[in-house]
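Participant: no FASTA, just this:
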């Protein structure tokens, strides 16, 4: 038998395979844990566009989203929520909750062109959402009250990257 074959025969293949399987299992467990946390507990989202100006940047802000609060019904007026767009279910949008079911909400119908206002009562199981920029936001003023079930989470740390900016600047060479 040649030296190469003898060396191959001397390699502990079972322990190598066992170690590889153990590490693959560990990676799968980590992936599952990250998936559960991201889908059901909290996640990060990038909010872009003009509808939430001046609270959030036009180019985009990273926000932390608490997904438990929405499931437990702990969303209140003033909260910024992430939700499935009622106009395009493939999109996720960020809006501020202005009213909960039973609340009367008064809003400007066309803020850019007139001072005409309208008052509505938010129906049971719905919320009234609006962007912070009334001149460039598609929100409940156009599509009405939104079913509470479309809310996927509540932003609990807005402008996350801006709050971390001093740390990144400090770390830069």
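Facilitator: Now that the structure is in, tell me what you want to look at. Bear in mind that the values here come from a model prediction, so they are computed numbers and not experimental data.
Participant: Partner strands of the host helix or strand of residue 94, with direction?
Facilitator: With the criterion set as DSSP states H and E, the secondary-structure element containing residue 94 is strand 92-100. When sheet partners are counted by DSSP bridges, strand 92-100 sits next to strand 80-84 (antiparallel), strand 126-130 (antiparallel).
Participant: most packed of those strands?
Facilitator: Ranked by mean neighbour count, the strands paired with strand 92-100 are led by strand 126-130 with a mean of 24 (mean count of other CB atoms under 10 Å). For the C-beta atoms, the positions are set from N, CA and C on the backbone; glycine is no exception.
Participant: could you dump the strands paired with strand 92-100 to a markdown table with mean pLDDT?
Facilitator: Conversion of these to a markdown table gives the following (pLDDT from 0 to 100):
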| stretch | mean pLDDT |
| --- | --- |
| strand 80-84 | 96 |
| strand 126-130 | 97 |
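Participant: now for the ones you listed, which one comes closest to residue 19?
Facilitator: strand 80-84 (41.4 Å; CB to CB).
Participant: Can you tell me what sits against the closest one?
Facilitator: Residues outside strand 80-84 that contact it (CB atoms under 8 Å, 6 or more residues apart in numbering): 45, 52, 55, 63, 65, 70, 75, 91-97, 127, 129, 146, 150-155, 158.
Participant: If any of those are buried, give me the PyMOL selection for them.
Facilitator: Selecting just the buried residues from those in PyMOL takes one command, with 16 or more other CB atoms under 10 Å as the test:
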select buried, resi 45+52+55+63+65+70+75+92+93+94+95+96+97+127+129+146+150+151+152+153+154+155+158
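Participant: how close does the closest residue to residue 112 other than its chain neighbours sit to residue 34?
Facilitator: Counting by CB to CB, 6 or more residues apart in numbering, residue 135 is the residue found nearest to residue 112 once chain neighbours are left out, at 5.3 Å. Distance of residue 135 to residue 34, given as CB to CB, to the nearest Å: 39 Å.
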